[in-house]
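Q: how would this look folded up:
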Amino acid sequence: MGKKAHWLLLAMIFALGLLLAACGGGADETETDGDAGGDDEPDTEETDDDTDDEDGDDDTAATGDPVEGGELIYGTDAEPNGLTPATVSDSASTDAHNLVHAMLYRQQSDAYEVEPEVAAGEPQVSEDGLEYVIEIRDDVYFSDGEQLTADDVAFTIGIYMMEDYTGPAITTFERVDTVEATDEFEVTLTLNEPDSALPIGLGIYIVPEHILGEADSYAAIEEHEASTTDAVVGAGPYEMTDWTSGQYINYEARDDYHEEGPYIQQVTWRLGDNDAQLANLQANEIDVMNVPPQDLVTAESVDGFNISEVPGFGYNYIGWNHRNELFESPTVRRALTMAIDRQGIIDGIMSGHATIAEFPHSPEGPVYTDEIEEIPFDPDGALELFAEEGWELEGDQLVNDSGEQFSFNLLTNSEAHVRTDWIVAVQQMLGEIGIAVETETMEFGAYLDRIQPPNWDFDAVAGAWNLALDPNPEQLFHSDNIEAGQNNIAYASDEFDELAGDNRSIIDPDERIEVLQDAFLQVAEDQAYTFMYYATEFSAYRDNVQNFQHNPRVNLFRVNEWWIEE
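A: From the prediction side, this is the model:
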């Protein structure tokens, strides 16, 4: 097989991983902050949006030619937790990356296929799949005027390969032995074994070596001012000019951006909780905001705005910390799921719009299967399972042989208004079978610090994932990713590890999907999480905003191609 044919085969696999996903951090899953990330919205309902294309992006037909100028005010309740993409994977940070950084490969704006951005074309892949040669464009510049070269691409990939790297994409480049700039605009990657997920892994934001190269470790990169303040330098369409935490973030258009636009000259994030954003919408003081389900009717009533709806690409969940002996048993975890009325939560809190999740991936993706046992709401059945594990209901308490009540803390972030509602419902439902649940909410950054390495300071966590482009489940569930990675619940299954461990070595896409389905089914059988629901994302946008593109994983997607009609 020649290099071109091998790339075409990899591209087929790449396309499968991209179905109804979007760019925004390569192959890593994205922890969402909640309502602002679109993961707490209902599933499907007819609305007044203009178009809803079959790919999942709601691309509103533009009127007239692009117009330069104007300001776009985006209402959001979350701000970035880091500005070097390798260090963070939350949705607010990804939204910022999308404005200030350029990607090596990115999703097309009108289809779930990929195209080069910083790369000059497709990678040239050797017959054995162990060498990738990528040519780099020579017309890309960072916001400080320095030209982007192969050194920057090699340096960026090298961050993920640093000895002390503990970031969210820890598995993305683990099969890469070396990466080097083999010419001023050419990068060569040498692998130790073929990796069918690597093409998607190449969808990364490129950061400047001449700024961050002074950091001699991953820890130093995390703490660098270019990772944590408006001193960030990138090659994206906008430059961050002012970040006043808790109030606003200003971005100015770059005149020397290498792609289309940007037409809108200033983008402002107005920060505040969801109630404040809704009030701003009603007062016509913002142009775009994500709308949680409980506010949909109000948002629809505001004159001069459209409502857009697209399927989300992720799920909400309760993650049980398996380090806690309460949650070690799959039987106990299944019993907990059975004791939670997920449909009741959907009907009562989300106006009946979401869909119960049973499978650990999105129904919009290629690995999804509905050939899975549905776990019913059955409190009596849950008590029978608890009894098998030594827990009995005595009076109004579920206790063990020592008389200790089953009790734990359930944590989520305060910005996620729907989740902060349904964790109270979960508290009440589990209380009906004698389980004492204490709920806790906190600001998103502090929440991430609690649940991520090296702290893992939680009993159970209510969260949401925007899923990666590639359906590889290793990052969330493989035991290798417990100490450093996204398997923060410490799920460990020899059966899963065996199923998932070699999936990236499988070149045939159909064969790989079958293996991945078996791996995901193992996670579901073990109830590593209680999978709560699949959601849909709603956005309100002012009717003079042209070429609005609603993407399920990135807010303000391709905002450089939007414009404001005078």
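
Q: In stretch 363-380, which of the residues would be classed as buried?
A: 363-369, 375, 377, 379 (16 or more other CB atoms under 10 Å). For glycine as for every other residue, the C-beta is placed from the backbone atoms N, C-alpha and C.

Q: repeat for stretch 392-407
A: 397-399, 406.

Q: between these, which is nearest D216?
A: The closest of the buried residues of stretch 392-407 to D216 turns out to be F406 (CB to CB; 47.9 Å).

Q: tell me the contacts of the closest one?
A: 326, 386, 391, 398-400, 434-436 (CB atoms under 8 Å, 6 or more residues apart in numbering).

Q: returning to what we had before: export the buried residues of stretch 363-380 as TSV, with columns for secondary structure and distance to I482.
A: Putting the buried residues of stretch 363-380 into TSV (DSSP: H, G, I helix; E, B strand; the rest coil; distance: CB to CB, whole Å) gives the following:
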residue	secondary structure	distance to I482
P363	coil	28
E364	coil	28
G365	coil	24
P366	coil	27
V367	coil	23
Y368	coil	26
T369	coil	26
I375	coil	25
F377	coil	31
P379	helix	32
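
Q: could these go into TSV alongside distance to V232?
A: Shown next, in TSV, are the buried residues of stretch 363-380 (distance: CB to CB, whole Å):
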residue	distance to V232
P363	36
E364	32
G365	32
P366	35
V367	35
Y368	36
T369	41
I375	44
F377	47
P379	50
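
Q: Show me how far the top helix by length along the chain is from its chain's centre.
A: In terms of residue count, the longest helix belonging to the chain (DSSP state H) is helix 509-526. Counting by CA atoms, centre = their mean, to the nearest Å, helix 509-526 is centred 20 Å from the centre of its parent chain.

Q: Alpha carbons of the helix or strand just after that helix, in PDB - could you do that?
A: Remark: after helix 509-526, the chain's next helix or strand is strand 529-534, criterion DSSP states H and E. What follows is strand 529-534, C-alpha atoms only, in PDB (Å, rounded to 0.1, in the frame of the first residue of the first chain):
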ATOM      1  CA  TYR A 529     -20.900   5.900  35.800                       C
ATOM      2  CA  THR A 530     -24.600   6.300  36.200                       C
ATOM      3  CA  PHE A 531     -25.300   7.700  32.700                       C
ATOM      4  CA  MET A 532     -28.000  10.300  33.200                       C
ATOM      5  CA  TYR A 533     -29.100  11.700  29.800                       C
ATOM      6  CA  TYR A 534     -28.100  12.900  26.300                       C
END
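
Q: what inclination does strand 529-534 have with respect to helix 509-526?
A: 110 degrees (axes from the mean of the first three to the mean of the last three CA atoms, to 10 degrees).

Q: now the nearest residue to A86 once chain neighbours are set aside: how far from A335?
A: Leaving aside its chain neighbours, A86 sits nearest to I159 (4.4 Å; criterion: CB to CB, 6 or more residues apart in numbering). In this view, I159 and A335 are 42 Å apart by CB to CB, to the nearest Å.

Q: quick one, which of the two is more surrounded?
A: A335 (28 against 22; other CB atoms under 10 Å).

Q: Between which two of the buried residues of stretch 363-380 is the distance greatest?
A: P366 and P379 (35.8 Å).

Q: for the stretch 51-200 of the chain, what spans make up the helices?
A: Here the stretch 51-200 of the chain has its helices, by DSSP state H, counting those that start in this stretch, at 91-100, 150-160, 198-201.

Q: out of these, nearest to A357?
A: Comparing the helices of the stretch 51-200 of the chain under CB to CB, the one sitting nearest is helix 91-100, at 18.3 Å.

Q: Run through this structure and note the low-pLDDT ranges.
A: Along the chain, the parts satisfying pLDDT under 70 run over 1-30, 33-63, 110-113.

Q: Mind doing that once more with 80?
A: The model of the chain has pLDDT under 80 over residues 1-63, 89, 107-114, 468-469, 566.

Q: most remote residue from it's center?
A: Relative to the centre of the chain, the most outlying C-alpha is that of G395, 42.9 Å out, by CA atoms, centre = their mean.

Q: show me what contacts that residue?
A: G434.

Q: now it: how far from G365?
A: Counting by CB to CB, the gap from G395 to G365 is 46 Å.

Q: what secondary structure does A387 sit in?
A: Three-state call for A387 (DSSP: H, G, I helix; E, B strand; the rest coil): helix.

Q: For L430, see how far away it is.
A: Counting by CB to CB, the gap from A387 to L430 is 16 Å.

Q: what about the two, which has more around it?
A: L430 (22 against 13).

Q: so when I look at that one, I'm seeing a helix, right?
A: Yes - counting by three-state DSSP, L430 is found in a helix.

Q: Show the contacting residues for it.
A: Remark: with contacts taken as CB under 8 Å, 6+ apart, L430 is in contact with 336, 339-340, 437.

Q: Just the buried ones from those?
A: Of the contacts of L430, these count as buried by 16+ other CB under 10 Å: 336, 339-340, 437.

Q: name the element Y447 belongs to?
A: Assigned by DSSP H and E, Y447 falls in helix 444-451.

Q: Could you list every helix and strand that the helix or strand that that helix is followed by packs against?
A: Once helix 444-451 ends, the next helix or strand along the chain (criterion: DSSP H and E) is strand 460-466. Counting contacts by 3 or more CB pairs under 8 Å, 6 or more residues apart in numbering; DSSP states H and E, strand 460-466 packs against strand 30-31, strand 314-320, strand 407-413, helix 417-431.

Q: can you list contacts of the third one?
A: Outside of strand 407-413, the residues within contact range by CB under 8 Å, 6+ apart are 33-34, 318, 324, 326, 419-420, 423, 426-427, 435-444, 447, 450-451, 458-463.

Q: List the strands paired with it, with their directions.
A: strand 436-442 (parallel), strand 460-466 (parallel) (DSSP bridges).

Q: so how far is the last one from its chain's centroid?
A: This points to strand 460-466. Worked out by CA atoms, centre = their mean, strand 460-466 lies 11 Å from the chain centre.

Q: Remind me what the very next helix or strand once past that strand packs against, helices and strands.
A: Going down the chain from strand 460-466, the next helix or strand is helix 474-477, by DSSP H and E. Contacts defined by 3+ CB pairs under 8 Å, 6+ apart place helix 474-477 against helix 494-501.

Q: Please spell out which residues along the helix it packs on are buried.
A: Neighbour counts over helix 494-501 (16+ other CB under 10 Å) mark 496-497, 499-500 as buried.

Q: Run the angle between that helix and helix 509-526 for me.
A: Using the same axes, to 10 degrees: helix 494-501 against helix 509-526 is 160 degrees.

Q: still on that earlier bit, save the contacts of F406 as CSV, and put in distance to D287 and secondary structure too.
A: Converted to CSV, those look like this (distance: CB to CB, whole Å; DSSP: H, G, I helix; E, B strand; the rest coil):
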residue, distance to D287, secondary structure
L326, 47, helix
F386, 51, helix
W391, 53, coil
L398, 50, strand
V399, 55, strand
N400, 55, coil
G434, 50, coil
I435, 45, coil
A436, 45, strand
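
Q: okay if I get those residues as TSV plus distance to G129?
A: Formatted as TSV, the contacts of F406 follow (distance: CB to CB, whole Å):
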residue	distance to G129
L326	45
F386	49
W391	51
L398	53
V399	56
N400	53
G434	55
I435	50
A436	53
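
Q: Which one of those residues is nearest to N544?
A: For those, the nearest to N544 is I435 (51.6 Å; CB to CB).

Q: Now that closest one: closest residue in space that isn't a chain neighbour?
A: Excluding the flanking residues, the one nearest I435 by CB to CB, 6+ apart is F406, at 4.8 Å.

Q: swap in D421?
A: According to CB to CB, 6+ apart, the nearest residue to D421 is I349 (5.0 Å).
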